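Asker: Using only what follows, build the 3D model:
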Amino acid sequence: MRWVHACQVVLGSSALLCACSSGRIEDPTRADAESHPQPVSNSSAITGAKGGSGLPGAAPSTEAPPATAVSADANPAPSLALDSKAAFQSTVHPLLMMYCSGCHSSAGTGQLPLDSDADIDVAFAGVARKVNLRQPDGSRLIARLAVDHHHCWSKCDDDAAAMREQVLRWARAAAADVQPITMPVPDAAVDEASVSAWIAADKSKLSAEQSQYARYVSLHSLYNSKASPDDLNTARVAVSKILNSTARYAPKIVNPVAIDPYSLVYRFDVRDYWGFARSGAANPYTGATGAVGANPQRALEIWDRVRQGNVDADGDDAKSAPTFPNNAGFMPDYVEATQLVYSLSRPDVYNEIMSIPFLASGLERELGVNIQKGAESYQYMTVNDAITINERLMWRGNSADGFYWRSVDQFAMTKFIFYDHPIPKFIDGSYSQIVTTPIEQEDGQQLSIGSEYDGSTGIQAQANEVIFSLPNGLQAYAVFGAGNQRRVDAFTFIVVDPRRSRRPLRLLNAASCMSCHIEGLNRASDDMTPYVEANPGKFDAATASQIRTLYPGTPVMRAAIEQDRSPFLAAMRQIQDVMIAGTTDKEMYMEPVGFMFELAQALHGYAPTESN
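Answerer: A predicted model of the protein is given here:
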């Protein structure tokens, strides 16, 4: 055994589009192997209290305390950046003040995080969790410009280069203060015999019942591929995040347990994530609505399904690939870590194990979405800076587990209809799908895609993305189509994966959703109220009054978003505090599931097709 003291600052010329780690994963078996690290999220920083040292050796506790609310941006900066405020003030801060303070400052619109505030303490608290000073090329400040094209002030590539230069200057100036990752590491590459030996030794300690449900996941392939200590910590968090994010009915966060001296192989119990089910008829359209109870057999059935890989993805809904099922990483005794994350985030696997009904209305019934007040059961907002071809209408409701958010994205090539028809009309009074521009009337007569809104029902020229809270504090995702039907993806003429928009690739449920929503809900401001104020007299008094009721405006919706972000951040804190090893810096500077999703393609030779 040897110890690695990883405190060097990486200042290489990583491609801006990678925007997470510096892409140091190498596949020694493939001369042309290319790593495609997932760009970081476009949302703001992770918050939460600090945890313990995380040094490996003893197995961590498998259970975390119940989730509690976390106040956004309210905690001290992470220890990694604690002593670098002066360096930040002389490098990145002036650039943020010049170009971003109109929104992200107390003197601007007050949009969190306030990383561009004139008060250096406020600005530093807002930005410190966006930059891993060990791997500065992975800064979210760079990705927001290079990947997201978020309010660039000139040309996005040039602006990203300018930001990168200042981030690297910050990292160089603070290099002496960067906290190291100190981990024991093997003396040589980890072979299959070592992994099997660790697993056999661990199994010998388990009862027959425990062994039945115990499964193992290994990071040794990543270690052998020269992953950095930061990358290995990202992988550890990814494993726990994907397991808990697919735990549809599980009541709490449960972390897998390291079984070797290097925290490379982990054991997890399938019952902790999938050993629960809802009673009642499992109608694929309406979903079950009975009570949730323990069901160990379901956990075994789900694991069998996961091992099959994305066998149903080569159909009409997810195009392009001769490579399915893409499950090369499943071994007799364990599953390779990137393969586990990849498989559980595949849309066909995810929809099935998450029990997403065929119709959105069925999901809403199953979630117990409160629609007692009809259309007024929801709070609405419009977002002009959306990732689709048009603006976006979003609405929020309460569910049995917390919240239910849904968006409407038109694909008719017409103007955004909700600025002319702001009072939502629901099809058949179900308070599920909102009428936009039909592509087919109820009598079967076709309409032109360019037709204007006429208030009729029928198949709608729209896609819908849904985010809902899980009992354990994390969140789940669903995509629905023109007939309110479940989909595995969204058409590329409506939206592409915003993390990989330059290729472009399909937005997939749930891989794309998870890789974008690094902190749960992304922050946004309501654009309906400013529109109404800018167009006085457009609506009669009664309609204007109803708009004010349905669209409560930015202050209310911002508060709702922060409220709904808190359980997710608290749940991720429970994961990070255990799964990040070798350091007291328990922050996650990139989205781990997307990071592993693309590394799986590189390690296993999967072609980066639209649906991969």
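
Asker: show me what contacts residue 524?
Answerer: 381, 383, 385, 394, 557, 561 (C-beta atoms under 8 Å, 6 or more residues apart in numbering). Heads up, the C-betas are built off the backbone N, CA and C, glycines and all.

Asker: For those residues, pick the one with the most neighbours.
Answerer: residue 381 (26 neighbours; other C-beta atoms under 10 Å).

Asker: picking that back up, now tell me which of the contacts of residue 524 the prediction trusts least.
Answerer: For the contacts of residue 524, the weakest pLDDT value sits at residue 385, with 80.

Asker: Can you tell me what sits against the helix or strand containing residue 406?
Answerer: Assigned by DSSP states H and E, residue 406 belongs to strand 402-410. Here strand 402-410 makes contact (C-beta under 8 Å, 6+ apart) with 360, 364, 367, 369, 386, 388-390, 392-398, 416-417, 434, 436-437, 461-469, 490, 494-495, 521, 564, 567.

Asker: Just the residues you listed: which are in strands?
Answerer: Taking DSSP state E as the definition of strands, the contacts of strand 402-410 contribute 392-398, 462-469, 490.

Asker: Considering these, which is situated nearest to residue 356?
Answerer: residue 466 (8.9 Å; C-beta to C-beta).

Asker: Please, where are all the strands along the stretch 451-600 of the chain?
Answerer: In the stretch 451-600 of the chain, the strands defined using DSSP state E, counting those that start in this stretch lie at 459-460, 462-469, 475-480, 486-487, 489-490, 507-508.

Asker: among those strands, which is nearest residue 345?
Answerer: Minimum separation from residue 345 across the strands of the stretch 451-600 of the chain (C-beta to C-beta) falls at strand 507-508, 8.0 Å.

Asker: Near residue 410, how many other residues are there?
Answerer: Residue 410, neighbours per other C-beta under 10 Å, totals 24.

Asker: which of the ones in strands among the contacts of strand 402-410 sit farthest apart?
Answerer: 398 and 490 (25.9 Å).

Asker: who has more neighbours, these two?
Answerer: Set side by side, residue 398 and residue 490 show more neighbours around residue 490, with 25 against 17, by other C-beta under 10 Å.

Asker: now the nearest residue to that one once chain neighbours are set aside: how far from residue 161?
Answerer: Leaving aside its sequence neighbours, residue 490 sits nearest to residue 507 (C-beta to C-beta, 6 or more residues apart in numbering; 4.5 Å). To residue 161, residue 507 is 27 Å away according to C-beta to C-beta, to the nearest Å.

Asker: Residue 141 too?
Answerer: 12 Å.

Asker: and what of residue 511?
Answerer: 29 Å.

Asker: out of the contacts of residue 524, who's nearest residue 195?
Answerer: residue 561 (42.9 Å).

Asker: got the contact list for that closest one?
Answerer: Here residue 561 is in contact with 521, 523, 524 (C-beta under 8 Å, 6+ apart).

Asker: is it possible to export the residues you listed to TSV including distance to residue 403 and pLDDT?
Answerer: TSV is the format used below for these (distance: C-beta to C-beta, whole Å; pLDDT from 0 to 100):
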residue	distance to residue 403	pLDDT
521	8	95
523	15	91
524	15	91
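
Asker: circling back to that earlier point, report the distance from the strand holding residue 406 to the chain centre.
Answerer: Computed by C-alpha atoms, centre = their mean, to the nearest Å, the separation of strand 402-410 from the middle of its chain amounts to 16 Å.

Asker: Work out the sheet partners of that strand and label each with its direction, please.
Answerer: Here strand 402-410 is paired, per DSSP bridges, with strand 392-399 (antiparallel), strand 462-469 (antiparallel).

Asker: And those: which comes nearest residue 603?
Answerer: strand 462-469 (29.3 Å).

Asker: Would you mark the buried spots in stretch 199-210?
Answerer: For stretch 199-210, burial by neighbour count (16 or more other C-beta atoms under 10 Å) applies to 199, 202.

Asker: beta partners of residue 460?
Answerer: Here residue 460, judged by DSSP bridges, has bridge partners residue 438.

Asker: didn't it look like it was pressed against residue 426?
Answerer: No: assessed by C-beta atoms under 8 Å, residue 460 is found out of contact with residue 426, at 11.2 Å.

Asker: shared neighbours of those two, anything?
Answerer: 433, 435.

Asker: So for the two, which residue has more residues nearby?
Answerer: residue 460 (25 against 16).

Asker: residue contacts, the more buried one?
Answerer: Residues counted as contacts of residue 460 (C-beta under 8 Å, 6+ apart) are 427, 433, 435, 436, 437, 438, 439, 482, 483, 484.

Asker: at 7 Å instead, please
Answerer: 433, 435, 436, 438, 439, 482 (C-beta atoms under 7 Å, 6 or more residues apart in numbering).

Asker: Counting neighbours, what do you get for the second one?
Answerer: The reference is to residue 435. Per other C-beta under 10 Å, the neighbour tally for residue 435 reads 21.

Asker: so what pLDDT did it get?
Answerer: On pLDDT, residue 435 comes in at 91.

Asker: Quick check: residue 244 touching residue 255?
Answerer: No: in this structure, residue 244 is not within contact of residue 255 by C-beta atoms under 7 Å, at 8.1 Å.

Asker: for stretch 290-297, the distance to its chain's centre please.
Answerer: Centre to centre, stretch against its chain (C-alpha atoms, centre = their mean), the figure for stretch 290-297 is 27 Å.

Asker: CA atoms of that stretch as CSV?
Answerer: Output of stretch 290-297 as CSV, limited to C-alpha atoms (Å, rounded to 0.1, in the frame of the first residue of the first chain):
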residue,chain,number,x,y,z
GLY,A,290,-52.2,1.9,-2.8
ALA,A,291,-49.9,2.1,0.2
VAL,A,292,-46.1,1.7,-0.1
GLY,A,293,-44.7,-1.4,1.7
ALA,A,294,-41.6,-3.6,1.7
ASN,A,295,-41.3,-6.0,-1.2
PRO,A,296,-37.9,-7.7,-1.3
GLN,A,297,-38.8,-9.7,-4.4
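
Asker: Name the residues of it that are buried.
Answerer: Neighbour counts over stretch 290-297 (16+ other C-beta under 10 Å) mark 292, 295, 296 as buried.

Asker: Out of these, the closest to residue 186 would be?
Answerer: Using C-beta to C-beta, residue 296 is the member of those that lies nearest residue 186, at 35.2 Å.

Asker: For that closest one, give me the pLDDT.
Answerer: Reported pLDDT for residue 296: 97.

Asker: can you pull the contacts of it?
Answerer: Residue 296 makes contacts with 213, 271, 275, as judged by C-beta under 7 Å, 6+ apart.

Asker: How about the backbone phi and psi for it?
Answerer: phi -60, psi -30 (degrees, to the nearest 10).

Asker: Flag the shaky bits of the stretch 201-350 of the chain, pLDDT-wise.
Answerer: Scanning the stretch 201-350 of the chain for pLDDT under 70 picks out the ranges 281-284, 312-324.
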